[in-house]
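Q: Pasting a predicted model and its sequence here:
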Amino acid sequence: MDDYLNRYADAGLYTMQGRLGAPEDGRFQSFPRQGWRLEIERAAQAGLRGIEWIYDLYGEGANPLESDAGRSELRDLLAKHRVSVVSICADYFMDRPLLRCSAAENAELLRRMEWLLGICPEMGVGRVVLPFVDASSIRSDEEFEQVVANLREVLPHAERHAVELHLETDLAPEAFRALLLRLDHPLIKVNYDAGNSASLGYPPAQEFAAYGERIGSFHIKDRRRGGSTVPLGQGDTDFRSLRELLIQYGYAGDFVLQVARGEPGDEPAWLAGMARLAEDWLRGRALCDEKREIS
């Protein structure tokens, strides 16, 4: 397993979309309506292997995923720059959650999800990350049951298109485990966000004990407990324990940078520096033990 992490570091990481350009309209994370084409070129220049594409409400009308022509242009650009998109972060369902909505709205959202799953094979996408955090947090037993029902409704479509559903939640470890036990299906996996877990104060060992074998993708991020995202190595994320647990549980999925932003206008160099730190972590250097230069 240690060999897998080293090989992964050598091949390069993925990045969350939007980190290779200035934030648009003051948004920390959103589909870059103006700069998505340039980001593909910059990802290649930074030595990254690919991008986790964002599908959200802000990008509606500009996201190339929405049309045949757009998807064709996107495939051509990815091939030209040898950058891959194997995952979609479906923030649309944080803007319009699959809970706390009317029956009519719920049906509309399920149709939207079915459409998104349906275009994944065309784009070579094997997973969709579904966020149940912040505005889409699960806050009650009733909402818990609604999420279970909705995911069971879309699972046949996920099966048809061979697309995994990776759940990102802010549930405590045992509550998340309970959700996964209700959704005992090989296409339902966990998206582990290292920074969010640190901010919430969840010990990595407890999380992995609860659902480590179900983790399918990993967001590399650092946050202070109860606070916001900070540069890698400057927060409370227990990177040393996380690496040991990834090895212990035989993790063999992808790593996506979802790191703090640097100074406006310096995004490519900043992200390249963050990528080098993350790659060194995968190779066994503990970020939490020392302050390091990122340039």
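A: Nice, thanks for sending it over. Numbers count the residues shown, from 1 in each chain.
Q: Show me what stretch 98-115 is in contact with.
A: 90, 92-93, 96, 130, 136, 138, 143, 146-147, 150, 153-154, 157 (C-beta atoms under 8 Å, 6 or more residues apart in numbering). C-beta coordinates here come from the backbone N, C-alpha and C atoms, glycine included.
Q: What's the local residue count around residue 109?
A: By other C-beta atoms under 10 Å, the residues close to residue 109 number 19.
Q: How far away from the center of its chain is the helix or strand where residue 120 lies?
A: According to DSSP states H and E, residue 120 maps onto helix 103-123. Remark: helix 103-123 is offset 19 Å from the chain centroid, using C-alpha atoms, centre = their mean, to the nearest Å.
Q: pLDDT on that helix, on average?
A: Mean pLDDT, computed over helix 103-123, is 97.
Q: got the CA coordinates for that helix in PDB?
A: The C-alpha coordinates for helix 103-123 follow below in PDB (Å, rounded to 0.1, in the frame of the first residue of the first chain):
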ATOM      1  CA  ALA A 103     -42.400  16.400  -3.400                       C
ATOM      2  CA  ALA A 104     -42.500  18.200  -6.800                       C
ATOM      3  CA  GLU A 105     -39.000  19.700  -6.200                       C
ATOM      4  CA  ASN A 106     -37.700  16.300  -5.000                       C
ATOM      5  CA  ALA A 107     -38.900  14.600  -8.200                       C
ATOM      6  CA  GLU A 108     -37.300  17.400 -10.300                       C
ATOM      7  CA  LEU A 109     -34.000  17.000  -8.400                       C
ATOM      8  CA  LEU A 110     -34.000  13.200  -9.000                       C
ATOM      9  CA  ARG A 111     -34.500  13.700 -12.700                       C
ATOM     10  CA  ARG A 112     -31.500  16.100 -12.600                       C
ATOM     11  CA  MET A 113     -29.400  13.500 -10.900                       C
ATOM     12  CA  GLU A 114     -30.500  10.800 -13.400                       C
ATOM     13  CA  TRP A 115     -29.400  13.100 -16.200                       C
ATOM     14  CA  LEU A 116     -26.100  13.800 -14.600                       C
ATOM     15  CA  LEU A 117     -25.400  10.100 -14.200                       C
ATOM     16  CA  GLY A 118     -26.400   9.500 -17.800                       C
ATOM     17  CA  ILE A 119     -23.800  11.800 -19.300                       C
ATOM     18  CA  CYS A 120     -21.000  10.400 -17.200                       C
ATOM     19  CA  PRO A 121     -20.000   7.400 -19.500                       C
ATOM     20  CA  GLU A 122     -19.700   9.800 -22.400                       C
ATOM     21  CA  MET A 123     -17.200  11.900 -20.400                       C
END
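Q: Can you give me the buried ones in that helix?
A: 106, 109-110, 112-114, 116-117, 119-120, 123 (16 or more other C-beta atoms under 10 Å).
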